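1. below are the sequence and a predicted model; questions follow.
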Amino acid sequence: MVALSSALVAAALAAGLWLAARRYLRPSERGAPGLMRGKTVIVTGANSGLGRATAAELLRRGARVILACRDRGRAERAAAEILREQALERAGAGAGAEPAGELVVKELDLASLRSVRAFCQEVLQEEPALHVLVNNAGVFRCPHGRTEDGFEMQLGVNHLGHFLLTNLLLARLRASAPSRVVVVSSALYRRGRIRFEDLHGDAGYSRSFSYSQSKLANILFTRELARRLEGTGVTANALHPGIVRTDLGRHLAIPWPLRPLFHLVSWAFFKSPEEGAQTAVYLASSPEVEGVSGKYFGNCKEEPLLPIAMDDSVARKLWDISEVMVGMLK
């Protein structure tokens, strides 16, 4: 047992050294600093992980980035850290002292439809244009719980909160076209199914199934949204970021003796938040995907979907039910 553990640690260390060399020796993949100048972007869940990395890179490219976060204090600290880090980058490169873009912090709790409506009202009052909405925030394999409005937590936050958010901002996105909606899903959608007869897991809750159901819902929503937006100049695409080292996995039950090894392996083999955010940044900013809509991406390339994510009748039914659930239709 000791020998096996030692071998695993040695293998992880070797892999970590190899990955570190690969990461730090490869060319920078950052885009042009002015690529997003004059663009206003909303990133949900932007105080940590993928959202923070996405917001930071879009700021670097010149965007006005709204950090839409549940915890205002954490969001303000994240904004200050991002600005400080990029100031050091510019100083090291001999560039000017001013940031490429602008950061704005706003409170948004996707587990509360009341909060979603208040956020959208504030944005519509203050922002004359909106060019990109990145639906990134999410919860992963959490214990069975309910949102403020009684939805199962993963479906409520990952799908329904973003569904209402997007719909309330659609008029501004249309008026700002060309504009984009970017939805962060997961390859784990493959294990899901839209269980219309028991969307909230009342008959039997499974953390993993409920997460996969919500991520499948993300893709079905994106494809139906793209269909409804044809000819408007607004595109909608979904993505999976790969396996990324973030605090999204805080609900994973890893025995404490194995946690140091898990952290070592995750550092060696999982993507960093900056690497994981590349596809979201690509879909939000790249000229290469201008006009592309209703697609699913990974590693900045379009990927095929399984038939469960291509069923237009299920997508339409989910849309109709979601409208009723969030109060868009009575």
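-> Looks like it came in fine.
2. so where do the helices sit in the stretch 51-200 of the chain?
-> According to DSSP state H, counting those that start in this stretch, the stretch 51-200 of the chain carries its helices in the segments 72-93, 113-126, 153-155, 162-175.
3. so which of these gets nearest residue 135?
-> Within the helices of the stretch 51-200 of the chain, the stretch nearest residue 135 is helix 162-175; the backing value is 4.2 Å (C-beta to C-beta). Where C-beta positions appear, they are placed from N, C-alpha and C, glycine not excepted.
4. hmm, who's touching the closest one?
-> By C-beta atoms under 8 Å, 6 or more residues apart in numbering, the list of residues contacting helix 162-175 from outside reads 42, 44, 108, 110, 113, 116-117, 119-120, 123-124, 127, 129-131, 133, 135, 137, 179, 181, 183, 218, 221, 225, 229, 232-234, 322, 326-328.
5. what angle separates it from helix 113-126?
-> 10 degrees (axes from the mean of the first three to the mean of the last three C-alpha atoms, to 10 degrees).
6. how near is the residue lying closest to residue 115 once chain neighbours are set aside to residue 308?
-> Distance criterion C-beta to C-beta, 6 or more residues apart in numbering; nearest residue to residue 115, sequence neighbours excluded, is residue 109 at 4.0 Å. In this view, residue 109 and residue 308 are 30 Å apart by C-beta to C-beta, to the nearest Å.
7. the more surrounded of these two?
-> Legend: neighbour count by other C-beta atoms under 10 Å for residue 109 and residue 308, higher for residue 109 (20 against 16).
8. thought that one was touching residue 70?
-> Yes - applying C-beta atoms under 8 Å as the test, residue 109 and residue 70 come out as touching, 4.5 Å apart.
9. ok so, going back, list the contacts for the residue nearest to residue 115?
-> Taking C-beta under 8 Å, 6+ apart as the test, what residue 109 contacts is 70, 115, 116, 148.
10. just the buried ones among the residues you listed, please.
-> Burial by neighbour count, 16 or more other C-beta atoms under 10 Å: within the contacts of residue 109 this picks out 70, 115, 116.
11. how far away is the first one from residue 147?
-> Distance from residue 70 to residue 147, counting by C-beta to C-beta: 12 Å.
12. now the common contact residues for those two.
-> In contact with both residue 70 and residue 147: residue 111, using C-beta under 8 Å, 6+ apart.
13. what's the burial count for residue 199?
-> Going by other C-beta under 10 Å, the residues that sit close to residue 199 add up to 22.
14. how about residue 112?
-> 18.
15. thought it was touching residue 149?
-> Yes - applying C-beta under 8 Å as the test, residue 112 and residue 149 come out as touching, 7.2 Å apart.
16. residue 227: which element?
-> helix 207-228 (DSSP states H and E).
17. may I have that helix as CSV, with CA atoms only?
-> Below are the C-alpha coordinates for helix 207-228, written out as CSV (Å, rounded to 0.1, in the frame of the first residue of the first chain):
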residue,chain,number,x,y,z
ARG,A,207,-26.4,15.1,-7.1
SER,A,208,-24.7,13.9,-10.3
PHE,A,209,-27.9,13.4,-12.3
SER,A,210,-29.3,16.7,-11.4
TYR,A,211,-26.1,18.5,-12.4
SER,A,212,-26.1,16.6,-15.7
GLN,A,213,-29.7,17.5,-16.3
SER,A,214,-29.0,21.2,-15.7
LYS,A,215,-26.1,21.2,-18.1
LEU,A,216,-28.2,19.4,-20.8
ALA,A,217,-30.8,22.1,-20.2
ASN,A,218,-28.1,24.7,-20.8
ILE,A,219,-27.4,23.3,-24.3
LEU,A,220,-31.1,22.8,-25.2
PHE,A,221,-31.8,26.4,-24.1
THR,A,222,-28.9,27.7,-26.2
ARG,A,223,-30.0,25.9,-29.3
GLU,A,224,-33.6,27.0,-28.9
LEU,A,225,-32.5,30.6,-28.2
ALA,A,226,-30.3,30.6,-31.3
ARG,A,227,-33.3,29.4,-33.4
ARG,A,228,-35.5,32.2,-32.0
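18. now do the buried residues in that helix.
-> Those buried within helix 207-228 under the rule 16+ other C-beta under 10 Å are 207, 209-226.
19. do the same with stretch 185-201
-> 185, 186, 187, 188, 189, 192, 194, 199, 200, 201.
20. between the buried ones among the contacts of residue 109, which is nearest residue 274?
-> Set against residue 274, the nearest of the buried ones among the contacts of residue 109 by C-beta to C-beta is residue 70 (22.4 Å).
21. who touches the closest one in this structure?
-> Residue 70 touches 45, 107, 108, 109, 110, 111, 137, counting by C-beta under 8 Å, 6+ apart.
22. what about the third one, neighbour count?
-> Neighbourhood size, residue 108 [other C-beta under 10 Å]: 26.
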